[in-house]
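# I'll drop the sequence and a predicted model, then ask my questions.
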Amino acid sequence: MEIELVSNIPIFNIYVNNTKNKVYLDTGAKLSYIKKELLNGAQVIGEEEDFYPGYGRFKTPTYKLTINTDTVLGYISEKKNINLTFGILPKSLEALYSIADANAIIGNDIFSWVSIIFYYQRKKIFYINQR
């Protein structure tokens, strides 16, 4: 799948509630994050504590969103649901979305579902289903 690189951060599109959204992959984030307005009535499933350098520890409500693999990382030959847990960034960290005009940050929980190969010179991501 073609990706965009912004400061060497991979940017790609996913669909949330049938709407295309630009996201970036943060392999250092244990949790994925999404703008609150995209939750579309999703129910809180819990709360997690996370940490961001320069900000410190914070707690966030968590939400489970199901996304098909044909909409995550561009895989189209087999549909398989990916259930990611998303949190909401504290207001003062929402500027992180502006790195790439993104609506979500995909954390390393994606690696429970897929293995990813980065080909930075060609600006591509390849992945293999694990489940």
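Received it, and whenever you're ready, just let me know what you need. Numbering: from 1, shown residues only.

# only C-alpha atoms for contact and neighbour calcs from this point on.
Noted.

# what mean pLDDT does stretch 30-44 get?
Mean pLDDT, computed over stretch 30-44, is 92.

# what packs against the lengthiest strand in the chain?
Scanning the chain for the longest strand, with DSSP state E as the assignment, gives strand 56-68. Contacts defined by 3 or more C-alpha pairs under 8 Å, 6 or more residues apart in numbering; DSSP states H and E place strand 56-68 against strand 44-52, strand 81-87.

# tell me the strands beside the helix or strand that the shortest one is followed by, with direction?
Which is strand 81-87. For strand 81-87, the following helix or strand on the C-terminal side (DSSP states H and E) is strand 104-106. On the basis of DSSP bridges, the sheet neighbours of strand 104-106 come out as strand 19-25 (parallel), strand 32-34 (antiparallel).

# pick the most deeply packed of those strands.
strand 32-34 (a mean of 23; mean count of other C-alpha atoms under 10 Å).

# on the strand side of things, show who residue 116 bridges to.
residue 127.

# quick check, pLDDT for it.
pLDDT at residue 116 comes out at 82.

# I figured it was touching residue 127, is that so?
Yes: using C-alpha atoms under 8 Å, residue 116 makes contact with residue 127 at a distance of 4.3 Å.

# coming back round to it: just the helices and strands packed on strand 56-68: most buried one?
Compared across the helices and strands packed on strand 56-68, strand 81-87 shows the largest average neighbour count, a mean of 21 (mean count of other C-alpha under 10 Å).

# contacts for it next, please.
31-34, 48, 60-69, 109-110, 113 (C-alpha atoms under 8 Å, 6 or more residues apart in numbering).

# which among those end up buried?
With burial judged by 16 or more other C-alpha atoms under 10 Å, the buried subset of the contacts of strand 81-87 is 31-34, 60-65, 67-69, 109-110, 113.

# need the max-distance pair from those.
60 and 69 (25.6 Å; C-alpha to C-alpha).

# the spatially most central residue of the chain and residue 119, how far apart?
When C-alpha atoms, centre = their mean is applied to the chain, the residue found nearest the centroid is residue 106 (1.8 Å). For residue 106, the distance to residue 119 equals 18 Å [C-alpha to C-alpha, to the nearest Å].
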